[in-house]
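*Asks:* Predicted coordinates and the sequence they were generated for:
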Amino acid sequence: MDKILVLDFGGQYDQLIARRIRAANVYAEIKPYNKIDCDKILAGGYKGIVFTGGPNSVYEQTSPRFHPCVLSLGIPILGICYGHQLLSFLAGGEIAPSESGSEYGKTELYVDPHPLFEGVPEKSVCWMSHTDEVKAPPEGFRVIAHTVNCSCAAVADDRHGFYGVQFHPEVTHTEYGNTILKNFLFKICACNADWQMDDVLESTVAKYRAELNDKKVLLALSGGVDSSVAAALLQRAVGENLVCVFVDHGLLRKGEGDLVEQTFAGKFGIRLIRVNAEERFLEKLKGVTDPERKRKIIGREFIRVFEKEAKELGQIDVLAQGTIYPDVIESGKGDSAVIKSHHNVGGLPKHMTFSEIAEPLRDLFKDEVRELGEKLGLPRELVWRQPFPGPGLGVRITGEITAEKLNMLREADAIFREELENCETAQRPNQYFAVLTDTKSVGVMGDGRTYGYVLALRAVSTDDFMTAEWTRLSYELLERVSSRITNEVKGVTRVVYDITSKPPATVEFE
Ligand code: XMP
């Protein structure tokens, strides 16, 4: 299988670059620039290298660099933004702040005829985000594109197969970005489009069938996309040797626990142990209002319940986990600021030791995991499930959590989701849910006064959940949802819509 190395210099679009390459059916691997050297690159057998963007200036001593040996490996290189400047810098070019200041946003790009730009019109729109630029390309390089403010928007050294683009071909705002990336992959690196999900499925099943032969495998199934796909995949590989433990903490959405059970125990015939632990969780959460304490309690109880079940199962050889590629990349990068302790229910403590860990999805991005899920025959509700926090509805009830409030929230949330799911998929927000606030308010129904909870609706549009915009839902839809909730859910007197983006707010209320 042909592979491209995405050398990560800290840019915000690194994962996007790898995903675009994989979408063109070429396998791409991301490595932080300081975790790989020229020997390893050679040993990796890569057909091409992409230098990613990054927030630095190459001429600063502390900025991320790479040993110039990378220019002598005989492997084509495409530098993007900072990567473009770094490539020119390593090859002896001159980089300096742009005279016209920063160039940011959609910009007209003028390209010269060149294989990298085959299929790209002479004038198109690209996405720029830079302060520095290549002032003088290195010897052997020539300029092949420009914008009004950037005379060196792309460079080429055809003899060595080195190319640099100041703009971002990986973002959708660059009209012909995909064409440019594909030209690099297929015309310059001569890659074969041999990364196909059918092959991934077959080879992963074969690999785990051989490796886990006769071993007992345990998986903590949450009903989330990753653990669900991992379960379906491993079931194909090891059949009855897979046991899934599904801890239903009672903080799931309406019908969710039953869907998990029907799918895995029913349709897939997987050995599934469902532990209905709502009472136990509610008991521990009694009187607790602090969000971080709630998260900790839910996480701790989850582990206790899971541990107890695992013990009762006797000898287990392998613990399977639904780790996916972004988790692997993130854990290799070090810490970023902790805003909330994103405890993923399913993350297990160190003292639970298993002789082996199986992570069948660790090379896959989320969209690839979903594609695999569809190929495995998982229901669409599970595969296309929107993100749902591990602590579940526990962080969507502000204030104390009670069984009564949970029921109210489940019903209201189901109505909101149902109404939104009647819309075209393309118009649907990336995440949408209801939150039961701790505020009570007066209402009027018939001739009587009511006094009940204020329920908030939240819907956001986002690419990565790091930032998010509140979604401009239509007034008609909001009106329908509000009227259904106040009519159908006893105890809710008022419905409000959250119009705060992230930042400054977070997606979840807690
Ligand atoms: P925030 O609220 O931090 O959410 O803007 C960003 C994304 O993360 C999800 N989220 C969580 N996921 N455990 C999780 O597994 C958590 O404790 C948690 N808190 C937030 C949230 O739903 C959104 O998709």
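*Replies:* Looks like it arrived, so ask away.

*Asks:* now the stretch 251-400 of the chain, which segments are flagged as low pLDDT?
*Replies:* 332-353 (pLDDT under 70).

*Asks:* Which parts of the stretch 51-200 of the chain are helices?
*Replies:* 82-90, 177-182, 197-211 (DSSP state H, counting those that start in this stretch).

*Asks:* Any idea which of those gets closest to residue 142?
*Replies:* Of all those, it is helix 82-90 that lies closest to residue 142, at 11.8 Å by C-beta to C-beta. (C-beta placed from N, C-alpha, C; glycine too.)

*Asks:* by contact count, what packs against that closest one?
*Replies:* strand 48-51, strand 77-80, strand 94-97, strand 132-136, strand 154-157, strand 162-165 (3 or more C-beta pairs under 8 Å, 6 or more residues apart in numbering; DSSP states H and E).

*Asks:* chain center to the second one, what's the gap?
*Replies:* Centroid separation for strand 77-80 versus its chain: 24 Å, with C-alpha atoms, centre = their mean, to the nearest Å.

*Asks:* The chain should start at 15 in everything you say after this.
*Replies:* Sure, I'll start counting at 15 from here, so that last one is strand 91-94.

*Asks:* what does it contact?
*Replies:* Here strand 91-94 makes contact (C-beta atoms under 8 Å, 6 or more residues apart in numbering) with 25, 31, 62-67, 84-85, 99-102, 175-179, 182-184, 198, 202.

*Asks:* Check the longest one too.
*Replies:* The contact list for strand 146-150, computed with C-beta under 8 Å, 6+ apart, reads 71-73, 98-99, 102, 107-112, 164-166, 169, 178, 180.

*Asks:* how does it look with 6 Å?
*Replies:* 71, 99, 102, 107, 108, 109, 110, 111, 112, 164, 166 (C-beta atoms under 6 Å, 6 or more residues apart in numbering).

*Asks:* Most neighbours among the residues you listed, which one is it?
*Replies:* residue 99 (31 neighbours; other C-beta atoms under 10 Å).

*Asks:* From what I see, it and residue 109 are in contact.
*Replies:* Yes: the pair residue 99 / residue 109 is scored as a contact, 4.8 Å apart, by C-beta atoms under 6 Å.

*Asks:* max-length helix in this protein?
*Replies:* helix 305-326 (DSSP state H).

*Asks:* what comes up buried for that one?
*Replies:* 305, 308-309, 311-313, 315-317, 319-320, 323-324 (16 or more other C-beta atoms under 10 Å).

*Asks:* cool, stretch 453-471 as well?
*Replies:* 464, 466, 467, 468, 469, 470, 471.

*Asks:* In terms of pLDDT, where does the residue with the largest distance to the centre of the chain sit?
*Replies:* Most distant from the centre of the chain: residue 461, at 49.8 Å, with distances by C-alpha atoms, centre = their mean. Per-residue pLDDT puts residue 461 at 85.

*Asks:* again, but for the one 4 residues further on
*Replies:* pLDDT, residue 465: 96.

*Asks:* Now residue 33. Nearest residue, chain neighbours left out?
*Replies:* The shortest distance from residue 33 to any non-neighbouring residue, by C-beta to C-beta, 6 or more residues apart in numbering, is to residue 379 (5.4 Å).

*Asks:* My read is that the one you found contacts residue 342, right?
*Replies:* No: contact criterion C-beta under 6 Å: residue 379 and residue 342 do not qualify, at 10.6 Å.

*Asks:* who's more crowded, the two?
*Replies:* The neighbour comparison of residue 379 against residue 342 (other C-beta under 10 Å) goes to residue 379, with 20 against 15.

*Asks:* how close does that one sit to the ligand?
*Replies:* 16 Å (C-beta to the nearest ligand atom, to the nearest Å).

*Asks:* repeat for residue 120
*Replies:* On the measure of C-beta to the nearest ligand atom, residue 120 and the ligand end up 27 Å apart.

*Asks:* related to what we said a few turns ago, which residues do residue 99 and residue 109 both contact?
*Replies:* Listed contacts common to residue 99 and residue 109 are 72, 146, 148; contacts here mean C-beta under 6 Å, 6+ apart.

*Asks:* Beta-bridge partners for the second one, please?
*Replies:* Right, the one you point to is residue 146. Note on residue 146: beta-bridge partners by DSSP bridges are residue 111.

*Asks:* tally of neighbours for it?
*Replies:* Neighbour tally, residue 146, other C-beta under 10 Å: 20.

*Asks:* Show the pLDDT at it.
*Replies:* Model confidence at residue 146 (pLDDT) stands at 94.

*Asks:* do the same with the first one
*Replies:* At residue 72 the predicted local distance difference test score is 92.

*Asks:* need the contact list for it.
*Replies:* 99, 100, 103, 109.

*Asks:* Throw those residues into JSON lines and include distance to residue 298, thanks.
*Replies:* Output for the contacts of residue 72, formatted as JSON lines (distance: C-beta to C-beta, whole Å):
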{"residue": "99", "distance to residue 298": "54"}
{"residue": "100", "distance to residue 298": "52"}
{"residue": "103", "distance to residue 298": "57"}
{"residue": "109", "distance to residue 298": "57"}
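
*Asks:* Leaving aside the residues adjacent along the chain, what's closest to the residue nearest to the spatial centre of the chain?
*Replies:* A centroid search over the chain (C-alpha atoms, centre = their mean) returns residue 380, at 5.6 Å, as the residue closest to the centre. Nearest residue to residue 380 in three dimensions, chain neighbours excluded: residue 338, at 6.3 Å (C-beta to C-beta, 6+ apart).

*Asks:* now that neighbour: how far from the ligand?
*Replies:* 13 Å.

*Asks:* Same check on residue 315?
*Replies:* 14 Å.
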